[in-house]
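Student: Kindly return the folded structure for what I paste below:
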Amino acid sequence: MNRTQVYIQQSKEKFLNELIELLKIPSISADANYSSFVHQTAEEIAKSLTNAGADNVEICQTAGYPVVYGEKIIDQNLPTVLVYGHYDVQPADPLELWKSPAFEPVIEKTEIHPEGAIFGRGACDDKGQMYMHVKAFEAMMKANELPCNVKFMIEGEEEIGSVNLGIFVKENHEKLKADIILVSDTGMLANDTPSITTGLRGLSYVEVEVTGPNRDLHSGLYGGCVANPINILAKMIASLHDENNHITIPGFYDQVVELSHAERAEMAKAPFSQDAYNKALDMEDVYGEKGYSTPERGSIRPTLDVNGIWGGYTGEGAKTVIASKAFAKISMRLVPNQSPEEITELFQKHFESIGPKGVKVKVTPHHGGEPVVTPIDSIGYEAASKAYEQTFNKKPIPVRSGGSIPIIAMFEQELGLKTVLMGFGLDSDAIHSPNEHFGLFNFYKGIETIPYFYHYFTELTLNSDSSKKGLLQNQQ
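Tutor: Numbering: from 1, shown residues only. Below is the predicted model:
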């Protein structure tokens, strides 16, 4: 065991206690009432980076919440890894479904996490996974075993679409200059089956509004005489899928890249139990696009889902009204080569066209993101694979994720850098839901694995450049 790993083993309790304190801060970027807590979290991250050994730590102000930056440049001739993460979290609602308060973290044992898991908003997404990188860096610094340069870029607006990160990146090309971007905001298949995410779906997110009469009306006097916006909205949404759960928007699938039978066969080699999946969600059966398996529906196929719907009276008791307005929030997950701008435009044109004359329909686009596929024949992927193999004693499986991290495509466009997605969470961790949690096994395993990525990425990069082989030998 090298000095870095010894330090990690000796510091586990300290690392966990620090994470617990970080999780207590309700850094909800979507709600302005929590603004002070988001800024407080940025300050805590900056302190953690400084204490870990980073230089030039800054809280970089943006038009919204700040980006925390830090770096350690040990030799300009060595590779540089740029670590991205986020410190903001989703709202905790509905609060009544949490077994313990969302911002009062507790450790509990579960069937999947017999050694314990930390329950709290942000535990997995992304405070726990982001903090793994800070602690792995600290361990390498304390052990004097940091093999390359490292930069940190940790933002506070990921959960609201990273609205100001693109501007920050555009204005700081030189500051962010690196060889690879390293991110842990994804998951792996299972604790005994490591995996590396090689693809992410894109995203188009919209809000729709259907307006009928100019005010709420008495449902007895006006019922059956005027268009009810809630009824109309429900019918419009229902029409967006056909009997095979195929999306009915004209042109929606025109740019979708269909995987070959061989590629689908390779994907099918990843372990998956439909029974276990159903049991975990307490469902009798799944529901989705005909002709595709559950893993395929959740990764290589585009989707359209209603994320929220409201209108009329929803309080206690009865109020017999026909609402003037009805609303819904709708997200579409996209696959290569779908463009979020094009899909948003197709949705808007179609949705506005299917509203009857008795209502007015408004579509408001929100944030979106490009789908991403990362190569598995790159130095970055090979380094990550070797790192997982070192700590899990098993070669990781490349998988495509159903989630979206819109800024990954932006990084490549603006910085010309590929990203390696080394996630350590599990699908069962309930991110964005009540009772979010992160296994202690996963938290510690991430901290143990990340330093090996640095080692292998440095070694492979220098070996690939014959002019630097002498430097590699000196480093060793």
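
Student: Off-centre distance for the helix or strand hosting Leu203?
Tutor: With elements taken from DSSP states H and E, the one containing Leu203 is strand 202-211. With CA atoms, centre = their mean, to the nearest Å as the basis, strand 202-211 stands 20 Å off its chain's centre.

Student: moving C-terminal of it, what's the next helix or strand?
Tutor: Read in the C-terminal direction, the helix or strand following strand 202-211 is strand 217-218, with elements assigned using DSSP H and E.

Student: Check the average confidence over that following strand, would you?
Tutor: Across strand 217-218, the average pLDDT comes to 95.

Student: Tell me the helices and strands packed up against that strand.
Tutor: Here strand 217-218 touches strand 321-322, going by 3 or more CB pairs under 8 Å, 6 or more residues apart in numbering; DSSP states H and E. Using the backbone N, CA and C atoms, a C-beta is placed for each residue, glycine as well.

Student: List the neighbouring strands of the strand it packs on plus their orientation.
Tutor: Using DSSP bridges, the neighbouring strands of strand 321-322 in the sheet come out as strand 217-218 (antiparallel).

Student: Helix or strand next in line after the strand it pairs with, which one?
Tutor: Scanning forward in sequence from strand 217-218 by DSSP H and E, the next helix or strand is helix 219-222.

Student: How about Asp305, nearest residue that isn't a chain neighbour?
Tutor: Of all residues beyond its chain neighbours, the one nearest Asp305 is Ser331 (5.7 Å), with distances taken as CB to CB, 6 or more residues apart in numbering.

Student: The one you found: which element?
Tutor: Secondary-structure element containing Ser331, defined by DSSP H and E: strand 325-334.

Student: Contacts only, for Gln390.
Tutor: When contacts are counted by CB atoms under 8 Å, 6 or more residues apart in numbering, Gln390 touches 449, 452.

Student: Could you tell me how far it is located from Tyr131?
Tutor: Applying CB to CB, to the nearest Å, the value for Gln390 to Tyr131 is 21 Å.

Student: what does Ala52 give?
Tutor: Summarising the geometry, the distance separating Ala52 from Tyr131, computed by CB to CB, is 10 Å.

Student: re the thing from before, and the strand holding Ser331, what does it pack onto?
Tutor: Of the remaining helices and strands, those touching strand 325-334 by 3+ CB pairs under 8 Å, 6+ apart are strand 202-211, helix 229-238, strand 303-311, helix 340-353.

Student: Let me have these in a markdown table, extended by mean neighbour count and mean pLDDT.
Tutor: Listed next are the helices and strands packed on strand 325-334 as a markdown table, based on neighbours: other CB atoms under 10 Å; pLDDT from 0 to 100:
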| stretch | mean neighbour count | mean pLDDT |
| --- | --- | --- |
| strand 202-211 | 22 | 96 |
| helix 229-238 | 18 | 98 |
| strand 303-311 | 14 | 97 |
| helix 340-353 | 17 | 97 |
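
Student: Need the residues that contact stretch 437-450.
Tutor: For stretch 437-450, the surrounding residues in contact (CB under 8 Å, 6+ apart) are 5, 8, 12, 15-16, 19, 107-108, 110, 112-113, 115-120, 123-124, 128-129, 132-133, 135-136, 139, 182, 184, 191, 387-388, 390-392, 422, 424-426, 429-430.

Student: Just these: which are in helices?
Tutor: Residues of the contacts of stretch 437-450 located in helices (DSSP state H): 5, 8, 12, 15-16, 19, 128-129, 132-133, 135-136, 139, 387-388, 390-392.

Student: which of the residues you listed are buried?
Tutor: With neighbours counted using 16 or more other CB atoms under 10 Å, the ones in helices among the contacts of stretch 437-450 contain these buried positions: 5, 8, 15-16, 19, 128-129, 132-133, 135-136, 139, 387-388, 390-392.

Student: more crowded one of Ala52 and Tyr131?
Tutor: Tyr131 (27 against 21; other CB atoms under 10 Å).

Student: What distance do you get for the closest residue to the more buried one other than its chain neighbours to Asn2?
Tutor: Nearest-residue entry for Tyr131: Leu19, 5.3 Å, with adjacent residues in sequence omitted and distances by CB to CB, 6+ apart. Using CB to CB, one obtains 23 Å as the distance from Leu19 to Asn2.
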